[in-house]
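In: What follows is a predicted protein model with its sequence.
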Amino acid sequence: MGRTGGDDGLVAASASAEERAFEAGLRPRTLAEFVGQRKAREQLSIMLAGARGRGRPPDHVLLSGPPGLGKTSLAMIIAQELSVPLRMTSGPAIERAGDLVAILTALSPGEVLFVDEIHRIARPAEELLYSAMEDFRVDVVLGKGPGATAIPLDVAPFTLVGATTRAGLLTGPLRDRFGFTAHLDFYDTEELTAVLERSARLLGVELTPQGAVEVASRSRGTPRIANRLLRRVRDYAEVRADGVVSLEVARAALKVYDVDPLGLDRLDRAVLGALVKRFGGGPVGLTTLAVSVGEEPDTVEDVCEPFLLRAGLIARTARGRVATPAAFAHLGYDPPPGPLPGQGGATSLAGSWRGDGPEPATLFDESVDGAPGES
């Protein structure tokens, strides 16, 4: 039970197929147009310029980082900067070594091969990829047993661009064969504001500077989320306002879509509310926390937790998840005295409500998938 690019997942970094098609029109075409990731852009620019000067394909490139930060866009830019074709696939789509052989032998000289989620590539195909990356050669085995024959096939020189959200899952031999590795970081508000201003021009949206900053500040440091929120705020401005995305319109629209000033949505607040209100600030296990909000543990761990951890609202301990003082403050509660782990019980209220946040009775009223309301 996960969230994608629909209205119930406005702040989820994953994207549906429909949204990916829409994003294609907003993607930057060159490194000069790409906003943010200054260090990675500079390093890539030097590497690509050197490759063009030598007239040879550049080293293989590994891009890592959370979803929605521009890994696919950078792969497209690499091909564009080199003036070569781009072939795209994904790790889960390469289930057998034969699938990879078919792709590699069809590459033209200098072509860029982009493999998204490369850490999920099948192990037999990964082992075949080693020789292709190093020697531009693959060995196809025909037959089985003592009569099996290995036929070497040459592969045209190419550049592999791998993208992964889980760099730690890459095997050492595969990681070592990439000549250039870049980790993409979350964007700050200023960079996201520039992304929104560029997208607004392409979409024909009238966006004020204050409106751009407001949307950017709630976009969780992710350009994909920023563009998604911009489209929803544009809809609100056209239907309920004069079509201009101003500060007031942006705030009203994001309130309608349940995106709060920190960028949390209904599920995020339900998780925090359960941790603070039901479990006294924690610690509580992942499965118990997920059941309490009516979601799957994988959804809570992969969709909610990364940003809640980065925002300093929860902490992971050996005994489970723990709410931080910032989480209590965000929900309008005073944190309990003393260390949080172990404070309170499963049904106790760990802090007293100050009255300047959401009322306790509403913490669960708008949570997703049947999370019960409480008073």
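Out: Alright, I've got the coordinates.

In: Quick check: which element contains the nearest residue to Gly25 once chain neighbours are set aside?
Out: Leaving out its chain neighbours, the residue that sits closest to Gly25 by Cβ to Cβ, 6 or more residues apart in numbering is Leu202, at 6.8 Å. Using the backbone N, CA and C atoms, a C-beta is placed for each residue, glycine as well. Per DSSP states H and E, Leu202 falls inside helix 189-203.

In: before we move on, what about Pro124?
Out: Counting by DSSP H and E, Pro124 is found in helix 123-135.

In: Keeping just the C-alphas, turn that helix into PDB.
Out: What follows is helix 123-135 as a C-alpha-only set of coordinates in PDB (Å, rounded to 0.1, in the frame of the first residue of the first chain):
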ATOM      1  CA  ARG A 123      23.100 -11.200 -10.300                       C
ATOM      2  CA  PRO A 124      23.800 -13.200 -13.600                       C
ATOM      3  CA  ALA A 125      23.300 -10.100 -15.600                       C
ATOM      4  CA  GLU A 126      25.500  -8.000 -13.300                       C
ATOM      5  CA  GLU A 127      28.400 -10.500 -13.600                       C
ATOM      6  CA  LEU A 128      28.000 -10.200 -17.400                       C
ATOM      7  CA  LEU A 129      28.100  -6.500 -17.100                       C
ATOM      8  CA  TYR A 130      31.600  -6.500 -15.600                       C
ATOM      9  CA  SER A 131      33.400  -7.500 -18.800                       C
ATOM     10  CA  ALA A 132      31.200  -5.300 -20.900                       C
ATOM     11  CA  MET A 133      32.100  -2.200 -18.800                       C
ATOM     12  CA  GLU A 134      35.800  -3.000 -18.700                       C
ATOM     13  CA  ASP A 135      36.600  -4.700 -22.000                       C
END
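
In: helices or strands up against that helix?
Out: helix 97-105, strand 137-142, helix 172-176 (3 or more Cβ pairs under 8 Å, 6 or more residues apart in numbering; DSSP states H and E).

In: follow-up on the earlier one: where's the residue nearest to Gly25 relative to Pro28, distance?
Out: 10 Å (Cβ to Cβ, to the nearest Å).

In: Based on its surroundings, how many neighbours for Leu89?
Out: One correction, residue 89 is Thr, not Leu. 17 (other Cβ atoms under 10 Å).

In: Quick one: classify it as helix, strand or coil.
Out: Classification of Thr89 by DSSP: H, G, I helix; E, B strand; the rest coil places it in strand.

In: try Pro157
Out: Recorded secondary structure, Pro157: coil (three-state DSSP).

In: That one contacts Ser108, doesn't it?
Out: No: using Cβ atoms under 8 Å, Pro157 is not in contact with Ser108; the gap is 9.9 Å.

In: Hmm, Gly110 and Leu82 touching each other?
Out: Yes: if you go by Cβ under 8 Å, Leu82 and Gly110 touch, sitting 6.9 Å apart.

In: so what's in contact with those two at the same time?
Out: Common contacts of Leu82 and Gly110 (Cβ atoms under 8 Å, 6 or more residues apart in numbering): 57, 159.

In: Give me the secondary structure label for the nearest residue to Arg27 once chain neighbours are set aside.
Out: Excluding the flanking residues, the one nearest Arg27 by Cβ to Cβ, 6+ apart is Ser73, at 4.7 Å. With three-state DSSP as the basis, Ser73 sits in helix.

In: And the pLDDT for Glu23?
Out: pLDDT recorded at Glu23 is 64.

In: got it, and the one 3 residues further on?
Out: The predicted local confidence for Leu26 comes out at a pLDDT of 81.

In: Domains of the chain: list them as residue ranges, please.
Out: Split into domains by automatic domain parsing, the chain comes to 37-183, 189-256, 266-362.

In: I'd like the ones you listed as TSV, with mean pLDDT appended.
Out: Putting the domains of the chain into TSV (pLDDT from 0 to 100) gives the following:
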stretch	mean pLDDT
domain 37-183	88
domain 189-256	91
domain 266-362	73
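
In: For Leu10, find the nearest of those.
Out: domain 189-256 (5.9 Å; Cβ to Cβ).

In: gap between the two ends of that closest one?
Out: End-to-end distance for domain 189-256: 22 Å, by Cα to Cα, to the nearest Å.

In: Please, where are all the helices along the stretch 151-300 of the chain?
Out: 172-176, 189-203, 209-217, 223-240, 247-256, 266-273, 286-292, 297-299 (DSSP state H, counting those that start in this stretch).

In: can I get these in JSON lines with distance to Glu305 and mean neighbour count?
Out: Formatted as JSON lines, those follow (distance: least, Cβ to Cβ, whole Å; neighbours: other Cβ atoms under 10 Å):
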{"stretch": "helix 172-176", "distance to Glu305": "25", "mean neighbour count": "13"}
{"stretch": "helix 189-203", "distance to Glu305": "21", "mean neighbour count": "18"}
{"stretch": "helix 209-217", "distance to Glu305": "21", "mean neighbour count": "21"}
{"stretch": "helix 223-240", "distance to Glu305": "16", "mean neighbour count": "21"}
{"stretch": "helix 247-256", "distance to Glu305": "22", "mean neighbour count": "18"}
{"stretch": "helix 266-273", "distance to Glu305": "8", "mean neighbour count": "25"}
{"stretch": "helix 286-292", "distance to Glu305": "8", "mean neighbour count": "18"}
{"stretch": "helix 297-299", "distance to Glu305": "10", "mean neighbour count": "16"}
